[in-house]
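S.K.: the sequence and its predicted three-dimensional model are supplied below.
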Amino acid sequence: MKTIVFTGGGSAGHVTPNLALIPKLQERGWNVHYIGSKNGIEKDIIEGEGIPYSGISSGKLRRYFDLKNFKDPFYVMKGVMEAYFLIRKLKPDVIFSKGGFVSVPVVIAGWMNRVPVFLHESDITPGLANKIALRFATKIFVTFEEAKKHLPEGKAIYTGSPIREDILNGNRDKGLRFLSFTSTKPVITIMGGSLGAKRINETVRQSLPQLLEKFQIVHLCGKGNLDEALENAQGYKQFEYVSSELPDIMAATDMVISRAGSNAIFEFLTLQKPMILIPLPKSASRGDQILNAQSFEKKGYCRVVYEEQLTEEALLKSVNEVYEYRLRYKEKMRGYSAAGCLEDIITYIEEA
């Protein structure tokens with residue numbers, strides 16, 4: 001039986017594309033094993049899916065000064081050795097890495113064991129982990145075609161973003177029933193994200209009286225960000241997060257307001273949901289979400305509102321204009337298809 005080792009972690013965005021690929025490979029007879037950190041978010045997600053999981057030591061790769069930068073290289077070296085012996089034991093035919101700091105030791109250990117290594121980069125410019133891992137990799141798959149100019153010639157392959165099948169199979173009526181919403185009023189789903197949700201949450205709640213005149217609002221506001229005063233607001237549902245209900249909620253959604261993380265916005269694109277994207281500012285990121293959002297706006301998929309310009313007035317103006325021209329946005333989105341992405345990646349993996 002063919003064996004593949006997946007790695008990637010530190011955030012859900014470094015795990016969900018792997019979850020799109022894993023069932024397809026299992027259907028084709030592949031044995032799947034996952035290597036991640038000992039206590040990261042990827043451990044909970046992967047073990048929750050019943051996939052064999054091994055945890056290794058890992059340090060965090062930082063772009064800023066921190067005293068931990070002096071000891072974390074030792075954790076990385078320890079992780080390389082742990083991954084090396086795990087790979088010797090598992091004898092995989094290929095390794096697939098979605099990035100994040102935990103992936104670096106696994107990629108290096110795979111190269112040491114002469115196992116073909118494939119990377120996937122979601123953003124236009126590679127993250128620090130993939131920049132390091134790239135020199136040990138066979139190929140790197142990219143989500144944005146523009147990403148190829150930031151990578152070594154001949155090493156990048158444009159495939160798009162692997163999309164989970166379950167997100168495509170939601171039921172609108174089930175979503176409306178779950179939310180206790182009517183079918184006669186359009187639904188906006190707002191995702192503040194786990195990082196930096198505060199500014200979006202505050203602006204949305206300031207704008208609620210005007211928004212609720214015309215729309216019903218689903219607000220995924222992040223852990224610890226529920227507002228008890230709004231629990232019984234008519235036409236407004238707030239959640240810290242949702243999981244199994246998300247496909248049905250998305251099926252009931254007419255428009256999305258979101259950060260500009262690559263995996264999420266490609267799911268919205270595939271579902272043809274008009275978007276207002278509020279990318280994380282450079283003060284809170286390396287600027288990757290700004291480039292993602294600008295790329296989508298240039299293609300006509302979304303309206304971008306920068307956090308520095310985010311006010312109650314700017315939000316309401318953007319919501320009304322995007323909804324008014326929603327058919328134009330949908331028409332642009334019809335030119336995109338994610339159908340071949342999974343097959344393209346699996347073909348390269350199997351040829352390896």
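M.R.: The structure has been received and is ready for your questions.
S.K.: what comes up buried for the helix of greatest length in the chain?
M.R.: If you go by DSSP state H, the chain has its longest helix at helix 72-90. Residues 72, 75, 76, 79, 80, 82, 83, 84, 86, 87, 90 are the ones in helix 72-90 that count as buried (16 or more other Cβ atoms under 10 Å). For glycine as for every other residue, the C-beta is placed from the backbone atoms N, C-alpha and C.
S.K.: quick check: residue 115 vs residue 138, distance?
M.R.: 9 Å (Cβ to Cβ, to the nearest Å).
S.K.: what's the following helix or strand after the longest helix of the chain?
M.R.: On the C-terminal side of helix 72-90, the nearest following helix or strand under DSSP states H and E is strand 94-97.
S.K.: what mean pLDDT does that next one get?
M.R.: Strand 94-97 shows a mean pLDDT of 98.
S.K.: how many other residues sit next to residue 103?
M.R.: 32 (other Cβ atoms under 10 Å).
S.K.: next one, pLDDT for it please.
M.R.: 95.
S.K.: out of the buried residues of helix 72-90, which is nearest to residue 205?
M.R.: For the buried residues of helix 72-90, the residue nearest residue 205 by Cβ to Cβ is residue 72; the value is 38.3 Å.
S.K.: quote the end-to-end distance of stretch 136-154.
M.R.: 15 Å (Cα to Cα, to the nearest Å).
S.K.: can you give me the buried ones in that stretch?
M.R.: The neighbour-count check on stretch 136-154 (16+ other Cβ under 10 Å) flags 136-144, 146-148, 150-151 as buried.
S.K.: narrow those residues to those in strands?
M.R.: 139, 140, 141, 142 (DSSP state E).
S.K.: so can I have a markdown table of those residues showing pLDDT and distance to residue 197?
M.R.: What follows is these, written out as a markdown table (pLDDT from 0 to 100; distance: Cβ to Cβ, whole Å):
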| residue | pLDDT | distance to residue 197 |
| --- | --- | --- |
| 139 | 95 | 35 |
| 140 | 97 | 30 |
| 141 | 96 | 29 |
| 142 | 95 | 28 |
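S.K.: where does this structure dip in pLDDT?
M.R.: Low-confidence segments of the chain, defined by pLDDT under 70: 59-72, 193-196.
S.K.: packing partners of the strand ranked longest in it?
M.R.: Identified as the longest strand of the chain according to DSSP E is strand 31-37. For strand 31-37, the elements it packs on are strand 3-7, helix 16-27, helix 41-48, strand 53-56, helix 72-90, judged by 3 or more Cβ pairs under 8 Å, 6 or more residues apart in numbering; DSSP states H and E.
S.K.: output that strand as PDB, nothing but the C-alphas.
M.R.: Taking Å, rounded to 0.1, in the frame of the first residue of the first chain, the C-alpha atoms of strand 31-37 are listed here in PDB:
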ATOM      1  CA  ASN A  31      -2.300   4.900   3.700                       C
ATOM      2  CA  VAL A  32      -2.300   8.400   5.400                       C
ATOM      3  CA  HIS A  33      -0.300   9.600   8.400                       C
ATOM      4  CA  TYR A  34      -0.100  13.100   9.800                       C
ATOM      5  CA  ILE A  35       2.900  14.700  11.600                       C
ATOM      6  CA  GLY A  36       2.200  17.900  13.500                       C
ATOM      7  CA  SER A  37       3.100  19.600  16.800                       C
END
